[in-house]
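Trainee: Structure for this input, please:
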Amino acid sequence: MTGETPAALAARPRTDHAAADTRIQQGTPAFRRTALALFLAGFSTFGLLYTVQPLLPEFSRHFGVSAAGSAMSLSLTTGTLAVAMLLAGLLSDVVGRRPLMIVALLASATLSLCTALVDDWSTLLVLRTLLGLALSGVPAVAMTYLVEEMDSRALGLAMGLYIGGNAIGGMSGRLLAGIIADHWGWRWGIGVVSIIAVASTVLLWLQLPPSRHFQASRSGLRQLPARWRTLFADPGLPWLFATSFVLMGVFVTLYNYLGYHLLAPPYQLSQTVVGLIFSVYLVGTFSSAWMGQQATRYGRGRILSISFGLIAAGIVLLAMPWLSAMAVGIALVTFGFFGGHSVASSWVGSRAGSMRAEASALYLFAYYLGSSVLGGVGGLAYAAWDWLGVCAFAALLTLIGGGIVWALQQRAPQPVTA
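Mentor: Model prediction:
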């Protein structure tokens, strides 16, 4: 250990110009292959992870569990993913980024297929827990791969496109599962998404270029706490971790229980129509790339603040009784969330320097922990105060998130990508 903070390590001038020249440049064939491959990785990861979200009311009916109990099929997956993410980055330091992502994605698709075949609630929860463990080998590793292999001028767009794949995958998994379940049952909904993930894994294997800047490390678990302490000594990274916790908590809470609200009186929409709501994820595809570029121009802190402002406006509209207002509201929440996530995740990679794998793991630990913990608490709010209780809880989290961004700007004003 040198004693330098991650920000100081990142700020060191590069002396290996040859290595810098081999990084992937924007607009090249290598950039397009990498962007496509990791777009598909994000697509499959979020498709498999969130395919159960529109099925939560169906699980309540089929298995006889409450709304909060049904949400465990998602919370256990994201909770396991959060913990496993802490070690996934360390494992990738040993076996490599590309091999780990391919194996993890294939295992995840297989476990998801098994989920579609069970008829016992406890077994389904066990499989969803194992799915979280398998999926951990993709998100933090993909982000680390981009930071290592991309030229700094291409990183913002590449990260945004990867997160855009998350958005499309999250939308497609939810949309397909909801529509197919309405016609042929929830098993077929999960099964179709799983088969698509298998095909995406093959394309990931064929398209993703080998790592050129990866250096294997066998530092071991014993050094990990010391490296985490170094990361938490940075004036900005802990606030970015807290930002991801709140961002994901708000987003998952609203999407978890919106289906229950719209399937109930006075709306009584069909499962297909509720599934179509997830098409608003297309907004997130644009937002993640566009907001990432705006952060480079106007400063990350400013764009992150705007993201929370958009989420707050969306929650106000979601609390209204009119479907048109709710449609605009969920679009604003989605736009703000994906934009904020794109900015915060690229900021983490830039600040962490040589410890970007561990920093990405901690960022995503907080991210998925927010999904698991705050998404579960949102179920208690729904049980106690119905949909308005969920909106009030999300509004409180958004206010806290705005305070976190303010503190981040005060302590670590690093406005532009390094």
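Trainee: May I have the phi/psi pair for F214?
Mentor: Backbone torsions of F214, given as degrees, to the nearest 10, read phi -80, psi 130.
Trainee: Compute the distance between it and W228, please.
Mentor: Distance, F214 to W228, using CB to CB, to the nearest Å: 21 Å. C-betas here are computed from N, CA, C, even on glycine.
Trainee: Equivalent analysis for Q268, please.
Mentor: Distance of Q268 to W228, given as CB to CB: 49 Å.
Trainee: do H261 as well
Mentor: Counting by CB to CB, the gap from H261 to W228 is 40 Å.
Trainee: Looking at the two, which one has more neighbours?
Mentor: Neighbour totals were compared for H261 and W228, and H261 leads with 19 against 16 (other CB atoms under 10 Å).
Trainee: Would you agree the more buried one is in contact with Y267?
Mentor: Yes. The pair H261 / Y267 is scored as a contact, 7.5 Å apart, by CB atoms under 8 Å.
Trainee: Would you enumerate the residues in contact with T51?
Mentor: T51 is in contact with S112, G173, R174, L176, A177, G189, I190, V193, counting by CB atoms under 8 Å, 6 or more residues apart in numbering.
Trainee: State which helix of the protein is the longest.
Mentor: In the chain, with assignment by DSSP state H, the single longest helix is helix 356-411.
Trainee: just checking, what packs against it?
Mentor: helix 67-70, helix 72-95, helix 139-149, helix 224-233, helix 237-263, helix 300-318, helix 323-352 (3 or more CB pairs under 8 Å, 6 or more residues apart in numbering; DSSP states H and E).
Trainee: residues contacting the closest residue to M248 other than its chain neighbours?
Mentor: Spatial nearest neighbour of M248, excluding adjacent residues (CB to CB, 6 or more residues apart in numbering): G370 at 4.0 Å. When contacts are counted by CB under 8 Å, 6+ apart, G370 touches S244, F245, V246, L247, M248, G249, V252.
Trainee: Try it again at 7 Å.
Mentor: Shown in contact with G370 (CB atoms under 7 Å, 6 or more residues apart in numbering): S244, F245, V246, M248, G249.
Trainee: For T45, see how far away the fourth one is.
Mentor: Okay, so that is M248. Separation of M248 from T45 (CB to CB) stands at 14 Å.
Trainee: for L86, same thing?
Mentor: In this view, L86 and T45 are 17 Å apart by CB to CB.
Trainee: Give me the more crowded residue out of the two.
Mentor: The residue with more neighbours, out of L86 and T45, is T45; 28 against 17, by other CB under 10 Å.
Trainee: Next up, the contacts around the more buried one.
Mentor: Residues in contact with T45, defined by CB under 7 Å, 6+ apart, are L135, V138, P139, N166, G169.
Trainee: between these, which is nearest S354?
Mentor: The nearest member of the contacts of T45 to S354, counting by CB to CB, is P139 at 20.1 Å.
Trainee: Just give me the neighbour total for the closest residue to the closest one other than its chain neighbours.
Mentor: Computed as CB to CB, 6+ apart, the closest residue to P139 that is not its neighbour in sequence is L364, at 5.3 Å. By other CB under 10 Å, the residues close to L364 number 27.
Trainee: Below-threshold pLDDT in the stretch 151-300 of the chain: ranges please.
Mentor: Applying pLDDT under 70 to the stretch 151-300 of the chain flags residues 216-221.
Trainee: now the strands for it?
Mentor: Using DSSP state E, counting those that start in this stretch, no strands are found in the stretch 151-300 of the chain.
Trainee: Give me the neighbour count for Q409.
Mentor: 19.
Trainee: these two touch, right, it and R300?
Mentor: No. Q409 is beyond contact range of R300, at 9.0 Å (criterion: CB atoms under 7 Å).
Trainee: Nearest spatial neighbour of A30, chain-adjacent residues omitted?
Mentor: Counting by CB to CB, 6+ apart, A30 lies nearest to I24, which is 4.8 Å off, once chain neighbours are set aside.
Trainee: Who does that neighbour form a beta bridge with?
Mentor: Counting by DSSP bridges, I24 is bridged to M150.
Trainee: Identify the residues contacting it.
Mentor: A30, F31, T34, E149, M150, D151, A154.
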